[in-house]
Structures are given as structure tokens and as C-alpha cells.
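>>> Give the three-dimensional model of this entry:
(chains A and B)
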Amino acid sequence: MSEAYRLVLKQVAIGDLQPVDLSIRPGEIVCLSGQSGIGKSRLLRAIVDLEPHRGEVTLGDTASEKLPAHQWRQRVMLVPAESAWWEETVGAHFPEDSTIPEALGLPADCINWPVTRLSSGEKQRLALVRALARDPRALLLDEPTANLDEETTEQVEHWLHKEIRDRQIPVLWIAHAQGQIQRVAQRHFHIDDGGQLREQPL
Amino acid sequence: MNVIELSWWHLGIATGLVIALALCTWLAQLRIGKSLLIAAARTAVQLALIGMVLEALFAVGSLLWVALMGGAMLLLAGREVVARQKHRLRGGWSFAIGTLSMFISAFAVTVLTLAVIIGPDPWYTPQYAIPLLGMLLGNTMTGVALGLERLTEGARRGRNEIENRLMLGETWQQASAHLRRDAMRAGLMPTINAMAAAGIVSLPGMMTGQILAGSSPALAVKYQILIMFTIAAGTGYGTFAAVALCARRLFDGRERLRLDRLYP
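Here you go, the predicted model:
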């Protein structure tokens, strides 16, 4: 098994957000909530260094700027709210010999489907599988269950929970529903109207 | 070789054709007569001026003046590349990239063709150098402009895809490979089409001109093939350089897609 690392944010600031200090343990899920437009998604983009930002992000002993950006993003992987699919077939987006886990309620042969056949909920679940198939060391999830019904949401939560525990990776998870936060988070932070992160009791 | 002299009143007859056409479009209320006449007038004035410039240049025939003329043509072509961009790079980068790519491709191919293939004495003899450079620059300019336009447009439209690829850990080269491929194809397509259709669909303008001017068709064909191949090479290398440089500029040192470097 690969080594487990802590994901640490030091004074990370982007847009109107106040500088963020946060340390996420291996295998820990930290949920982040706040009004839409407050800058949650931009914070995740800053962590994977897709946008210029202030402050420092480290994974274990490695600061983001010590690695070429693409290697950093292989380790600290962001799954956006809206995933893009560019090849003809679903399978072409996955590493060789990937399989779709049964626990997600997806049809077993959907890896052979053309992308046009996927619903938005299927795309969202497959985007999670696609990211984890690349074996990241930290995971940033931007509303991973936004397009899913209640039953599927719980399936996905359950699967993610197990994967995160088995892989011992730190996770920052943007969530809206209080129920989901209660179910998956070890800690919960809310961004207030001033752009300040405040820890909430669970 | 004897060329039949063309006098100004002969051209008057051709002018009459254009004016008659404008009249017809006016009668049919097609509202195109005005732009037709303006364009015709521009042709006459611009070509008469360039004729005078070339007459003077041929008379002097020094390397300095040929080089100055070439430089002026290059800068005008660079300006034209920028004018054809819907979303150009900020800070003069589109002009710089376009001009540099045309310089290293069109100029290099022209000098090579003159010095090694045609071999006039001296190699910069303006009668050969200027028309050759003009044709190469004109075609390279089109290729570069189309390539850059497709690339920046593709980056704007394909932002989600490119960024999602970056999020999955691809390098900027991998994430932009499809864009660069499309842009290369767009830049080279006119040249490929022209080569494929040459002699079947259309008689190339330069060959027609040479035959009218008294060359044997066999010689005119050889020159035309030479020109087409040099155009293909010049356009190809020029578009290649422009697309590579522009793609690099669309990403920063941390492999982020920087659409803010384009004018909206």
C-alpha cells in the first residue's frame, strides 16, 4: 500500500476568501459548505494550482510548487461539479483494465457505452471512478452527489467512504445537505458571508 | 519571348465591364455595387503603386532595398494576422508570434529557394526575390491566421475539457494536443486543397500569368510546382511555429489554462 499523507493549507487565499489554514489527516473527510458564489470551488481550484493564489499547500513534506503542476494534480486530484467527457466512448477516459465498481449502481457494461448515452447522474458517478482510478493521494470533491437521487446519493457516499478509508487519503468535500455532512464528515467548516472559514459542530 | 503590350485604354474596356456590372447590381437593387466599385478602385490604385515601387526597386536592385521591402511586407502581414483574430493575445503577443513564425518560415524558405534552387545572380535579384517572398508570405499569413484563430477559439470553447484533463494530471501538452492538431489542420487545409485541385479545378494564377507572359507551359508548370511546394513548406512550418508558441502562451508555468491572456 502507498504511503498516506496529510494535506495542509497554510494561509491559502483566492478571490474574496479570507486566508485558509487547514490540515486534513489521511483518511479524514472534511466537509465545506457556504453560499453559492462565495468561492468554495475556487478554493479547490487553488489547492490543485489551477488558479493563481496566495499561500502554500503541502501534501506530506511536499509543497505544491516543488512538483511540476501536472504531477501535483495527479496526487491532489479535484473532481469538479461538472465533469467533461471528450472521447467517443466512456472507457477511453479510463486507464487500461479499469472496471466499474458494482457498489455505485451503474450498469456493468457502461464502460463500453458512447459518452452521449450517459445521464448527468451517471457522468457524475463515473467522474469519481475516473479520478480514483488514477490513484490520487488526496481528493477534492465539488458536490459529488449534486445530480443524484436520494438512494444513489447514499450508495455513492458509502462507496466513497470505504475507498477513502481503505486508501487513507485526506478529502475536502464541498456539500450542501446537512444530512450528507452528518453522514460523511469528521469535521465541518462553513464559509460565512465575510469569506471566513468557521468550524461547525457535527 | 514576346509579350503583347497592354495599353491603358485596353484596361479601360475591362474597367467598363466592372462598371457595367455595378450598374446591373444597382438596377437589381442588390446593394453591392458600391463595395464592388471601391474594391475595383483599390485594386487599380494599390497595384499601380506597387508597380511603381517594384520598377524603382528593380532599377536599384541592392540588397538593402530588397531587405527593407521584405521587412515592410513582413510587418504588414503580421498586422493582417492580428486583424483576422477574433480573440487575440494581450500585450502584442499575437503580432509577435505571427510575425516571428512568418519570419522563420517564409523568409527561410524564400532564401533557400533563391540561393539553392533558382539561383539568380545575385541571389537577391528583386525580380525573383520579391514575387517569391510575396507569394510565400501571403499564403503563410493565411495559414498562421487560420491556425491561431482555431487555437484560441478552441481553447475558449473547450475550457471545461482542457481543465478537466489538467485536473486528471495531464500535462499542458497532453491537455492541448487535440487543439493543436485541429489548429494545424485548419492552417494547412487551404494549401492542401490548392495542391490537390491544381490543374484540375483551376489553373494556378502564377502559371497562367507566366504563360500569358510568353513562357512555355512546360517551364511554367515547373515553376508552379516549385512555388506550390515552397508554399506548402512555408505555410506548414509557419503554422507549426505559430500554433506551438501560441499554445505555450495559453498556459503558464504552473500548467494553468490562462484564458485571461486573450482579449474577450
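>>> What's the first helix or strand after the biggest helix by length in chain A?
For chain A, the helix that runs over the most residues, judged by DSSP state H, is helix A:150-167. Sequence order places strand A:171-174 as the next helix or strand after helix A:150-167, per DSSP states H and E.
>>> so where is chain A shaky, pLDDT-wise?
Residue ranges of chain A with pLDDT under 70: A:1-2.
>>> what's the residue closest to the geometric middle of chain A?
Closest residue to the average C-alpha location of chain A: residue A:141 at 2.1 Å, with C-alpha atoms, centre = their mean.
>>> Quick check: that residue touching residue A:171?
Yes: using C-beta atoms under 8 Å, residue A:141 is in contact with residue A:171, at 6.6 Å. For every residue, glycine as well, the C-beta is placed using N, CA and C.
>>> rewinding a little: and the nearest residue to the residue nearest to the centre of chain A once chain neighbours are set aside, how far from chain B?
Distances taken as C-beta to C-beta, 6 or more residues apart in numbering or on different chains put residue A:173 closest to residue A:141, at 4.5 Å, once the chain neighbours are dropped. Per C-beta to the nearest C-beta, to the nearest Å, residue A:173 is found 16 Å from chain B.
>>> Now the residue of chain A found nearest chain B: closest residue in space that isn't a chain neighbour?
Per C-beta to the nearest C-beta, residue A:74 is where chain A lies closest to chain B, at 3.3 Å. Closest residue in space to residue A:74, ignoring its immediate chain neighbours: residue B:169 at 3.3 Å, by C-beta to C-beta, 6+ apart.
>>> Now do the SS call for the one you found.
Of the three states, residue B:169 takes coil under DSSP: H, G, I helix; E, B strand; the rest coil.
>>> What is the neighbour count of it?
Using other C-beta atoms under 10 Å in any protein chain shown, residue B:169 is surrounded by 22 other residues.
>>> and it, what pLDDT?
What the model reports as pLDDT for residue B:169 is 97.
>>> and chain B, which of its residues are near chain A?
Contact residues, chain B versus chain A (C-beta under 8 Å from any C-beta of the partner chain): B:160-161, B:163-172, B:178, B:252, B:254-257.
>>> How far off centre is stretch A:99-114?
In terms of C-alpha atoms, centre = their mean, to the nearest Å, the centre of stretch A:99-114 is found 20 Å from the chain centre.
>>> who touches it?
A:88-91, A:94, A:98, A:118, A:122, A:125-126, A:128-129, A:151-152, A:155-156, A:158-159, A:162 (C-beta atoms under 8 Å, 6 or more residues apart in numbering or on different chains).
>>> ok, 6 Å please
Contact with stretch A:99-114 is made by A:89, A:90, A:91, A:125, A:152, A:155, A:159, as judged by C-beta atoms under 6 Å, 6 or more residues apart in numbering or on different chains.
>>> Give the ChimeraX command for selecting the buried subset of the residues you listed.
Burial among the contacts of stretch A:99-114 is assessed by 16 or more other C-beta atoms under 10 Å in any protein chain shown; the matching ChimeraX selection reads:
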select /A:90,91,125,152,155,159
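>>> In terms of secondary structure, what does the host helix or strand of residue B:206 contact?
If you go by DSSP H and E, residue B:206 is part of helix B:205-212. Packing partners of helix B:205-212 (3 or more C-beta pairs under 6 Å, 6 or more residues apart in numbering or on different chains; DSSP states H and E): helix B:217-250.
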